[in-house]
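Novice: Build me a model from this:
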Amino acid sequence: MLKVIARVYTDFPEKFGVPRQSGLADTKGMIVFESEYGKPEALKGIEGFSHLWVLWGFSEVPEGKWSPTVRPPRLGGNKREGVFATRSPFRPNPVGLSCVKLEGIEKRPEGLALSVSGVDMTNESPVYDIKPYLPYVDSHPEADEGFTGGVKAYRLAVAFPEKWYNRVPKEHREVLKEILSQDPRPSYQEDSQRVYGMTYAGMQIRFFVKDGVLTVCEVIL
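Specialist: Just a heads-up that it's a prediction; the model follows:
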């Protein structure tokens, strides 16, 4: 039986807007250990690694909801692939695997914590395990990309009017633009009149997409 060893705290209170893969944006997170596991000896040597594998739970996915085939968003939402050929959260066991950058180790009132970046997790997601990323065995530049090869470079241009851009705290501006450029919408939605809203770092970001350009139309603090 899996035990929750930590929780990861991020700027994403909901699934909509979360990067589809880890490492796609410089999104910050804090992995705070449960008291039983946040012991200094358990982290001995971890500072020597620049990146970590994090095994965590898709806590926002309804329990028991999965399908043998899914519609990967970047394929337009119309083509189905086998669930085990994708990273869809709708799986028999809703477990995620993310590679994050280790920024530092912190002592916090609630326990030891790892400061990380490149997260693709919603706030308070449970963490089941952490392992070091080993470049000499984990990196395979020659690996085949399957159906993802033709869509990995997909990006939207982002129009961010100055009055809204300036409302965003400086430390979040460029990261937010990165997130928006990856197109948070479900790929089967192409209604240029529709206004979408996502929550990030305590802000409500409203936007629409037309002719390949995402335009921010409101930032609510």
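
Novice: Ramachandran coordinates for Ile48?
Specialist: Small correction: residue 48 is Gly, not Ile. phi -80, psi -10 (degrees, to the nearest 10).

Novice: Let me know how buried the residue nearest to Pro19 when sequence neighbours are not counted is, in neighbour terms.
Specialist: Spatially, and ignoring its direct neighbours in sequence, Pro19 is nearest to Asp120 (4.6 Å; Cβ to Cβ, 6 or more residues apart in numbering). (C-beta placed from N, C-alpha, C; glycine too.) Neighbour count of Asp120, defined by other Cβ atoms under 10 Å: 24.

Novice: ditto for Gly23
Specialist: Neighbours of Gly23 (other Cβ under 10 Å): 16.

Novice: Mind checking which residue lies nearest the centre of the protein?
Specialist: Computing the C-alpha centroid of the chain and ranking residues by Cα atoms, centre = their mean puts Asp120 first, at 1.3 Å.

Novice: any chance you could map the strands in this protein?
Specialist: 6-10, 28-33, 51-57, 69-70, 81-82, 95-108, 111-117, 125-132, 157-159, 196-200, 203-210, 213-220 (DSSP state E).

Novice: contacting residues around stretch 55-70?
Specialist: The contact list for stretch 55-70 (Cβ atoms under 8 Å, 6 or more residues apart in numbering) reads 2, 4, 8, 14-15, 80-83, 86, 88-92, 94-98, 121-122, 124-131.

Novice: Now, of those, which are buried?
Specialist: 8, 81, 83, 86, 88-89, 91, 94, 96, 98, 121-122, 125-127, 130 (16 or more other Cβ atoms under 10 Å).
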